[in-house]
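K.L.:
sequence plus predicted model, see below.
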Amino acid sequence: MKIVVLAGGRSTERNVSISSGHRLTNALREKGHQATFIDLFLGYDLQGRAPETVFETANTSDNLLISDAVLTDDVINKLRTDGTTQLFGPNVLAICKAADIVVIGLHGGDGENGKVQAVLDLNNIKYTGSGSTASGITMNKVYSKEIMLYKGIKTAAFVEITRDQGAKGHTLPFDYPVVLKPTSGGSSVGTHIAHNADELESGLEDVFRFDNSAIIEEFIKGREFSLGVVNGHAFPAIEIKVHDGWYDFEHKFIEGHTTFVTPPDDLADDVHDEMKRVAVETMDALGMQNYGRVDFFVDDNKGVWVIEANNLPGMTPLSLLPQEAEAEGVAYPDLVESIVNGKLKLYADGMNN
């Protein structure tokens with residue numbers, strides 16, 4: 001198949017996306033597909049050639065390191081030399097139309113919030129992952145948690161504070177410590193644990209660098225897990241054990257800061273089964289399709305709490321879903337191809353949304 005791997009983009013998680021995108025492209029080429037990496041924001045210079053020609057040669061590299069630099073709009077905009085800032089770079093749509101399917105390797109912001117998916121829908125372009133509506137709901141932590149609570153899925157209590165309410169003088173309905181993060185963000189960019197009102201204020205100021213809205217959650221003390229679901233199949237849970245601090249951006253994407261165990265020997269079977277059940281239930285509640293990942297805390301009473309769902313999980317060398325699949329004997333290239341084939345089946349069955 002001719003496959004575009006769409007990555008990069010304009011979000012704070014641009015560097016993570018590029019790492020995912022290169023690995024996805026190489027995996028698909030290993031499986032015999034004509035896959036090409038396209039940066040959503042920078043586009044591709046066809047130099048007068050037809051879009052189909054981009055599938056003829058490889059344009060990727062292996063083992064791309066992830067920078068821990070915080071990418072603001074100003075930094076990203078400077079990557080474009082023509083002074084324009086629109087999300088879709090030159091020739092992106094034309095190349096995507098020439099493909100059999102687009103593998104979306106975008107993360108955060110406009111990659112996961114449904115905007116890209118809506119544009120692809122309007123142009124009759126097939127793509128992996130969830131549709132535009134489910135993507136937008138899942139990316140917004142307030143909307144997704146409201147749906148979880150309505151559906152009886154256990155998740156931490158929360159409040160939302162918007163930029164126009166300011167960072168100062170807020171009284172919370174639960175005790176410290178609390179977790180605060182951008183309402184529509186990922187990879188723990190802008191996420192903080194606040195132990196008092198001063199830390200809450202400084203944390204909110206940082207969150208508002210990235211988003212107009214912050215979600216503040218009651219702190220759940222427990223073991224942290226993640227569990228991926230691909231085409232309705234729940235993979236084994238992976239436990240996340242940070243060497244110090246908590247599971248922030250550095251621990252997620254820089255090797256040597258975190259230990260991952262899939263699944264841990266001391267995880268009770270009934271708790272593991274509950275996580276698998278709730279992961280599938282959460283994805284169904286949010287309207288997610290094809291694949292995704294659900295993050296959990298398990299407290300001292302073995303209660304299973306959903307942290308959040310991820311509609312486009314990372315696919316980097318340190319990402320969780322590939323590790324979970326590998327623990328079940330599914331190699332990375334086979335995992336990626338199963339995602340592609342699973343979504344194509346949904347299109348064939350008329351079930352894509």
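P.N.:
Yep, it's here.
K.L.:
after the helix or strand of the chain with the lowest mean pLDDT, which helix or strand is next? Please name it.
P.N.:
Among the helices and strands of the chain, helix 249-253 carries the lowest confidence by mean pLDDT, DSSP states H and E, at a mean of 43. Remark: after helix 249-253, the chain's next helix or strand is strand 258-261, criterion DSSP states H and E.
K.L.:
and that following strand, how far from the chain's centre?
P.N.:
Distance, stretch centre to chain centre, for strand 258-261: 19 Å (C-alpha atoms, centre = their mean, to the nearest Å).
K.L.:
list of residues touching the host helix or strand of residue 180?
P.N.:
Assigned by DSSP H and E, residue 180 belongs to strand 178-182. With contact meaning C-beta atoms under 8 Å, 6 or more residues apart in numbering, strand 178-182 is reached by 141, 156, 172, 188-194, 200, 203-204, 207, 210-211, 213-219. All C-beta atoms are positioned from the backbone trio N, CA, C, and that covers glycine.
K.L.:
strand partners (parallel or antiparallel) of the next helix or strand after that strand?
P.N.:
Counting by DSSP H and E, the next helix or strand C-terminal to strand 178-182 is strand 192-194. Paired with strand 192-194 in the same sheet, following DSSP bridges, are strand 178-182 (antiparallel).
K.L.:
output the strand it pairs with as CSV, nothing but the C-alphas.
P.N.:
The C-alpha trace of strand 178-182 is given here as CSV (Å, rounded to 0.1, in the frame of the first residue of the first chain):
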residue,chain,number,x,y,z
VAL,A,178,-3.7,18.4,43.5
VAL,A,179,-2.7,17.8,39.9
LEU,A,180,-3.1,20.6,37.4
LYS,A,181,-2.5,20.4,33.6
PRO,A,182,-3.7,22.0,30.4
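K.L.:
mean confidence for it?
P.N.:
For strand 178-182, mean pLDDT is 92.
K.L.:
so what's the closest residue to residue 331 other than its chain neighbours up against?
P.N.:
Of all residues not flanking residue 331 in the chain, residue 325 sits nearest, at 7.9 Å (C-beta to C-beta, 6 or more residues apart in numbering). By C-beta under 8 Å, 6+ apart, the contact set of residue 325 is 228, 230, 235, 331, 332, 334, 335.
K.L.:
measure residue 325 to residue 107 for me?
P.N.:
In this view, residue 325 and residue 107 are 18 Å apart by C-beta to C-beta, to the nearest Å.
K.L.:
contacts for stretch 88-97 next, please.
P.N.:
Residues contacting stretch 88-97 (C-beta under 8 Å, 6+ apart): 4, 6, 36, 38-46, 51, 54, 80, 102, 119-120, 123, 125.
K.L.:
out of the residues you listed, name the ones that lie in strands.
P.N.:
Assigned to strands by DSSP state E, the following of the contacts of stretch 88-97 qualify: 4, 6, 36, 38, 39, 102.
K.L.:
in JSON lines: these, plus distance to residue 21 and neighbour count.
P.N.:
Converted to JSON lines, these look like this (distance: C-beta to C-beta, whole Å; neighbours: other C-beta atoms under 10 Å):
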{"residue": "4", "distance to residue 21": "10", "neighbour count": "29"}
{"residue": "6", "distance to residue 21": "7", "neighbour count": "30"}
{"residue": "36", "distance to residue 21": "10", "neighbour count": "25"}
{"residue": "38", "distance to residue 21": "8", "neighbour count": "24"}
{"residue": "39", "distance to residue 21": "8", "neighbour count": "18"}
{"residue": "102", "distance to residue 21": "11", "neighbour count": "25"}
